[in-house]
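In: Please work out how this folds:
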Amino acid sequence: TVCASGTCDNDQCCEKSGCLKWKDTDSSCGDSRMWDESKTSDLTTASASEFDANCCKDKPKCGTWTSCAAGYKALGEDTVCASGTCDNDQCCEKSGCLKWKDTD
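Out: Numbers count the residues shown, from 1 in each chain. Purely as a prediction, here's the structure:
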C-alpha cells in the first residue's frame with residue numbers, strides 16, 4: 001500500500017476485521033441479543049452469517065428486580081431489557097390502585 005500523504009497511519013495501512021468489520025456492514029444481532037463490546041478485538045469471525053453467534057451477547061433480563069417504586073410491581077424474571085442495562089421503566093409495571101387509577 002502506498003500512503004497518500006507521504007506519512008503512513010492506521011487509516012491507510014489497516015482495515016477492520018472480524019466482529020468489528022461485520023458490525024460496520026449492517027450485520028445485526030438477533031432480537032434478544034446485542035453487540036458485545038468485548039468482541040471488538042475478535043479477528044476470527046470470517047462472515048456476516050457468523051456475526052450473531054460470535055459477536056453478540058444476550059440482552060440482560062430483569063431477573064429478580066427489586067427497585068420498583070411504590071405502586072409498581074416487578075415484571076417477570078425473563079423480561080428482556082431493550083437496552084444494554086435494565087431500569088424501572090423496563091422492569092416494573094403499575095400495580096394495585098395505581099394501575100386502576102389510570103384506566104377508565
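
In: if I look at residue 7, how far off is residue 83?
Out: Residue 7 sits 41 Å away from residue 83, going by C-beta to C-beta, to the nearest Å. Where you see a C-beta, it was placed from the backbone N, CA and C, and this is true even at glycine.

In: the more surrounded of those two?
Out: residue 83 (11 against 7; other C-beta atoms under 10 Å).

In: At which residues are the strands of this protein located?
Out: 33-35, 56-58, 72-74, 92-94 (DSSP state E).

In: and those strands as JSON lines, adding mean pLDDT?
Out: What follows is the strands of the chain, written out as JSON lines (pLDDT from 0 to 100):
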{"stretch": "strand 33-35", "mean pLDDT": "93"}
{"stretch": "strand 56-58", "mean pLDDT": "94"}
{"stretch": "strand 72-74", "mean pLDDT": "93"}
{"stretch": "strand 92-94", "mean pLDDT": "91"}
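
In: Now distance to residue 48 too, for the ones you listed, in JSON lines please.
Out: Below are the strands of the chain laid out as JSON lines (distance: least, C-beta to C-beta, whole Å):
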{"stretch": "strand 33-35", "distance to residue 48": "14"}
{"stretch": "strand 56-58", "distance to residue 48": "12"}
{"stretch": "strand 72-74", "distance to residue 48": "37"}
{"stretch": "strand 92-94", "distance to residue 48": "37"}
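
In: can I get these in a markdown table with mean neighbour count and distance to residue 44?
Out: Compiled in a markdown table, the strands of the chain are given as follows (neighbours: other C-beta atoms under 10 Å; distance: least, C-beta to C-beta, whole Å):
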| stretch | mean neighbour count | distance to residue 44 |
| --- | --- | --- |
| strand 33-35 | 17 | 17 |
| strand 56-58 | 15 | 15 |
| strand 72-74 | 16 | 39 |
| strand 92-94 | 17 | 40 |
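
In: Identify the residue nearest the geometric centre of this protein.
Out: For the chain, the residue nearest the mean C-alpha position is residue 34 (2.9 Å; C-alpha atoms, centre = their mean).
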